[in-house]
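Colleague: A structural model of the following input is requested.
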Amino acid sequence: MKQPDFIIGGATRSGIGALSHILDHHPQVFIPHLKEHRFFHQNDLTQHKIESCKVDFEDAVNPNNKTQISKNRVLHGEKEFDPERAAQGCPNAKIIFTLRNPVERAYVQFYHALADKKETVRTFEHAMEAELSGLRSPDTTGRCWIYKNQYQTHLDQWLSHYSRENILILIYEEWTDRRNSNLGPLEDFLGLEIDSLLDNHDGNFDPKAQIESLREDYPKKYPALSDATKEQLEDIFSVDKTYVSNLLGRDIPTWNRF
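Modeller: Here you go, the predicted structure:
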């Protein structure tokens, strides 16, 4: 059995679910039933063996499956991935990131956790203060919304194990733009026909509708950030925005308006 040939390393609340559905409906792509396999998760490194990961990809070459696929293609979501573990298991994999404006993403992540009763404070500002004062640490809790959006910290770990040529960075606000949805860079990266991800390959799934739905409720469904908080976040994440921009070799205009 061949190894998975691509991994999506993040970031949550940045369209991973929609990408999963869109890729899953492409006839040349196989995504296992278990989208986020714990084989790569930092907290489960001793619990999951390679054999437990392989079983999820058996249907990729099953002639009874919707399509017999010559290469196993797999999508994984983000839950404290260990890039070193990924590189050991899949050294030749292509790594894909979809990154959202870190100011907006931190804010959305907080309110999503609050709705799921995973957050213990009532306002985003209180959560920020707890993290900035040291009361919250990424070593002891997953509720560090600033840390989760410090893209330089996380991408540097991946770049220490994979070459830049093997890493694709998509900007969430660009590929979800209602006026100009474009997954061409992803198609080119995976060797798929251009515009094929947005084709309606079966009559029951509309990939463009998936993209359209992503931007319907954000960020207006949540209370507005104060100008002071927004300015503070812009200052905190300025390094990370510049870092991603430098990796792409271009400006990211959509990250300048939130």
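
Colleague: contacts, neighbours, all on C-alpha from now
Modeller: Noted.

Colleague: neighbours around residue 225, how many?
Modeller: 16 (other Cα atoms under 10 Å).

Colleague: and the strand or helix carrying residue 232, C-alpha only, in PDB?
Modeller: Using DSSP states H and E, residue 232 falls within helix 227-248. The C-alpha coordinates for helix 227-248 follow below in PDB (Å, rounded to 0.1, in the frame of the first residue of the first chain):
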ATOM      1  CA  ASP A 227     -11.200  49.100  18.200                       C
ATOM      2  CA  ALA A 228      -8.800  48.800  21.100                       C
ATOM      3  CA  THR A 229      -8.800  45.000  21.100                       C
ATOM      4  CA  LYS A 230      -8.500  44.900  17.300                       C
ATOM      5  CA  GLU A 231      -5.500  47.300  17.400                       C
ATOM      6  CA  GLN A 232      -3.900  45.200  20.100                       C
ATOM      7  CA  LEU A 233      -4.400  42.000  18.000                       C
ATOM      8  CA  GLU A 234      -3.100  43.700  14.900                       C
ATOM      9  CA  ASP A 235       0.100  44.600  16.800                       C
ATOM     10  CA  ILE A 236       0.500  41.000  18.200                       C
ATOM     11  CA  PHE A 237       0.000  39.300  14.900                       C
ATOM     12  CA  SER A 238       1.900  41.800  12.700                       C
ATOM     13  CA  VAL A 239       5.000  39.600  12.800                       C
ATOM     14  CA  ASP A 240       3.000  36.500  11.700                       C
ATOM     15  CA  LYS A 241       1.200  38.400   8.900                       C
ATOM     16  CA  THR A 242       4.600  39.600   7.600                       C
ATOM     17  CA  TYR A 243       6.000  36.100   7.900                       C
ATOM     18  CA  VAL A 244       3.300  34.500   5.800                       C
ATOM     19  CA  SER A 245       3.500  37.300   3.300                       C
ATOM     20  CA  ASN A 246       7.200  36.700   2.900                       C
ATOM     21  CA  LEU A 247       6.700  33.000   2.500                       C
ATOM     22  CA  LEU A 248       4.200  33.700  -0.300                       C
END
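
Colleague: remind me what it packs against, helices and strands.
Modeller: Other elements packing on helix 227-248 under the criterion 3 or more Cα pairs under 8 Å, 6 or more residues apart in numbering; DSSP states H and E are helix 102-115, helix 151-159.

Colleague: how far off centre is the first one?
Modeller: Using Cα atoms, centre = their mean, to the nearest Å, the mean C-alpha position of helix 102-115 is found 14 Å from that of the whole chain.

Colleague: what is that helix packed up against?
Modeller: Partner elements for helix 102-115 (3+ Cα pairs under 8 Å, 6+ apart): helix 124-132, helix 227-248.

Colleague: how about JSON lines for those, with mean pLDDT added?
Modeller: Shown next, in JSON lines, are these (pLDDT from 0 to 100):
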{"stretch": "helix 124-132", "mean pLDDT": "97"}
{"stretch": "helix 227-248", "mean pLDDT": "97"}
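
Colleague: could these go into a markdown table alongside distance to residue 106?
Modeller: Conversion of these to a markdown table gives the following (distance: least, Cα to Cα, whole Å):
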| stretch | distance to residue 106 |
| --- | --- |
| helix 124-132 | 9 |
| helix 227-248 | 9 |
